[in-house]
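S.K.: Build me a model:
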Amino acid sequence: MINFLIILIILFFLGIYLQKKNFLVDNTGFSKHKSFVKSSKKIPVTGGLFLLLTFIFFNLINLDFIYSCLLLLIFSIGFFSDLSNNFSPKIRFIIQIFITLIFILNTQNFVTDTRIEFINNLFLNYKFISIFFTLFCILVLINGTNFIDGINLSVAGYYLLIFISLFYLTSQHEIIIDKNILNNLIKITLALFIINSLNKTQLGDGGAYLIAFITGFMIIDFINLNKIASPYFAINLLWYPCLENLFSIFRKILIKKDISRPDNHHLHHLIYLYLKQKKIKFPNNFSGIFILLFNCLAITMSTLYFQNTINQLQILLMCILVYIFSYFVLKKKLKIKL
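M.R.: Residues are numbered from 1 along each chain as shown. Take a look at the predicted model:
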């Protein structure tokens, strides 16, 4: 509790100071996916930096040197992207590939079970297929998390729900997971969630990459170590940023647009614009709340049935259908073309 209060107080006053000095703020203008939200003051992108420093500090004993270096690198490419327009998305993506591959090969932490015998045999007999599948999943998650960072509360709140879900399972079942790291992540993301709601800090690209990288591999490890859990439980914990990314790629291919260029046609953008059209106060925060309420329901259901693959697939289908239905209904109401 004391650690949490210290994190909260430091984040709050650091955010006020940096906002006043206009230092370490997102200087990328209207080229970024966050630019549709107008604000009189730029918000510091120090949430990700604080996540990096506190995560390494609180877990210093448990982290090896290579892992810490990779966390620093994955954060840095996003952080520099926040502060400069000159960092090509394609170069960022290539660096992400190398960092993720190094981590997979160094830790041997990759997807091994899909509950589909044919695919499991492929993964077992041809390990490189499992490695590249894991690489694909982590890259989708990292960049999808960056997409949903366009709205207050969304990233910190979403990952807080995931960590609470895992914490609940450790209290109800014999689960193998590093509880110290999990507890620290809950404290850090809760503090970030509160301060982000006050517009004093945001995770930025660096923070989005970092929290997705940490969580993605944590959940793969969770599934590999706890055979009672359905592998599709992992998908349902991370479905929203992954679907956001894949749907965005499909949409851009459909309209023949460069998939590496950000735009303002993600679901949270549409919710924000709809609330603004209805003249709802604080549409930014309320957009995040709407998204979190649905994800709270989805993650809760997935957690309660974490052992049952059939139920996990039913929940996943529900999430996909609700997402697509909501997207096109809002598009129609806002009269926005794809």
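S.K.: mean confidence score for the longest helix seen in the chain?
M.R.: Using DSSP state H to assign secondary structure, the helix with the most residues in the chain is helix 309-334. The pLDDT scores in helix 309-334 average 95.
S.K.: in that helix, what counts as buried?
M.R.: By 16 or more other C-beta atoms under 10 Å, the buried positions in helix 309-334 come out as Thr309, Asn311, Gln312, Ile315, Leu316, Cys319, Tyr323, Ser326, Tyr327, Leu330. Every residue, glycine included, has its C-beta placed from N, CA and C.
S.K.: closest to Asp258 among those?
M.R.: Proximity of those to Asp258 (C-beta to C-beta) peaks at Tyr327, which lies at 20.6 Å.
S.K.: ok, now how distant is the closest one from Leu182?
M.R.: To Leu182, Tyr327 is 33 Å away according to C-beta to C-beta, to the nearest Å.
S.K.: Break down the chain into its strands, ranges please.
M.R.: Using DSSP state E, the chain contains no strands.
S.K.: any idea which residue of it is furthest from its center?
M.R.: Asn125 (31.4 Å; C-alpha atoms, centre = their mean).
S.K.: and that one, how far is that from Asn183?
M.R.: To Asn183, Asn125 is 39 Å away according to C-beta to C-beta.
S.K.: and if you look at Gln312?
M.R.: Gln312 is 26 Å from Asn183, by C-beta to C-beta.
S.K.: low pLDDT regions in the stretch 51-200 of the chain?
M.R.: 61 (pLDDT under 70).
S.K.: could you dump the buried residues of helix 309-334 to CSV with distance to Ile299?
M.R.: Output for these, formatted as CSV (distance: C-beta to C-beta, whole Å):
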residue, distance to Ile299
Thr309, 17
Asn311, 13
Gln312, 12
Ile315, 9
Leu316, 12
Cys319, 10
Tyr323, 14
Ser326, 17
Tyr327, 20
Leu330, 22
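S.K.: wait, which of the residues you listed is closest to Thr100?
M.R.: Nearest to Thr100 out of these is Leu316 (C-beta to C-beta; 23.6 Å).
S.K.: Now do the closest one against Pro241, distance only.
M.R.: As defined by C-beta to C-beta, Leu316 lies at a distance of 14 Å from Pro241.
S.K.: same check, this time on Ile119
M.R.: Between Ile119 and Pro241 the distance is 23 Å, computed by C-beta to C-beta.
S.K.: Could you do Pro283 as well?
M.R.: Remark: distance between Pro283 and Pro241 (C-beta to C-beta) = 21 Å.
S.K.: which of these two has more neighbours?
M.R.: Between Pro283 and Pro241, counting by other C-beta atoms under 10 Å, Pro241 is the more crowded of the two (26 against 20).
S.K.: Measure how buried the closest residue to the more buried one other than its chain neighbours is and give me the count.
M.R.: Spatially, and ignoring its direct neighbours in sequence, Pro241 is nearest to Gly144 (3.3 Å; C-beta to C-beta, 6 or more residues apart in numbering). Using other C-beta under 10 Å, the number of residues around Gly144 comes to 25.
S.K.: Contacts for stretch 52-61 next, please.
M.R.: With contact meaning C-beta atoms under 8 Å, 6 or more residues apart in numbering, stretch 52-61 is reached by 3, 7, 63, 68, 71-72, 75, 180-181, 184-185, 188, 206-207, 210, 214.
S.K.: wait, doesn't the residue nearest to Pro241 sit right on Phe247?
M.R.: No: in this structure Gly144 lies outside contact range of Phe247 using C-beta atoms under 8 Å: 9.3 Å.
S.K.: show me the contacts for Asn196.
M.R.: Contacts of Asn196 by C-beta under 8 Å, 6+ apart are Gly47, Asn152, Leu153, Ala156, Gln202, Leu203.
S.K.: let's go with 10 Å and repeat that
M.R.: 11, 15, 43, 47, 149, 151-157, 189, 202-203, 207, 285, 288 (C-beta atoms under 10 Å, 6 or more residues apart in numbering).
S.K.: Compute the distance between it and Leu203, please.
M.R.: Asn196 sits 7 Å away from Leu203, going by C-beta to C-beta.
S.K.: which residues do those two both contact?
M.R.: Common contacts of Asn196 and Leu203 (C-beta under 10 Å, 6+ apart): Gly47, Asp149, Ser154, Val155, Ala156, Thr189.
S.K.: hang on, the second one packs against Asp205?
M.R.: Yes: at 7.5 Å, Asp149 counts as touching Asp205 under the criterion of C-beta atoms under 10 Å.
S.K.: Now do the contacts for the residue nearest to Thr303 when sequence neighbours are not counted.
M.R.: With sequence-adjacent residues excluded and distances taken as C-beta to C-beta, 6+ apart, Thr303 is closest to Ser165, at 4.4 Å. Shown in contact with Ser165 (C-beta under 10 Å, 6+ apart): Phe233, Asn236, Leu237, Cys296, Ile299, Thr300, Ser302, Thr303, Leu304, Phe306.
S.K.: number of nearby residues for the closest residue in space to the last one that isn't next to it in sequence?
M.R.: In other words, Phe306. Spatial nearest neighbour of Phe306, excluding adjacent residues (C-beta to C-beta, 6+ apart): Phe233 at 4.5 Å. Here the count is done by other C-beta under 10 Å, and Phe233 has 27 residues near it.
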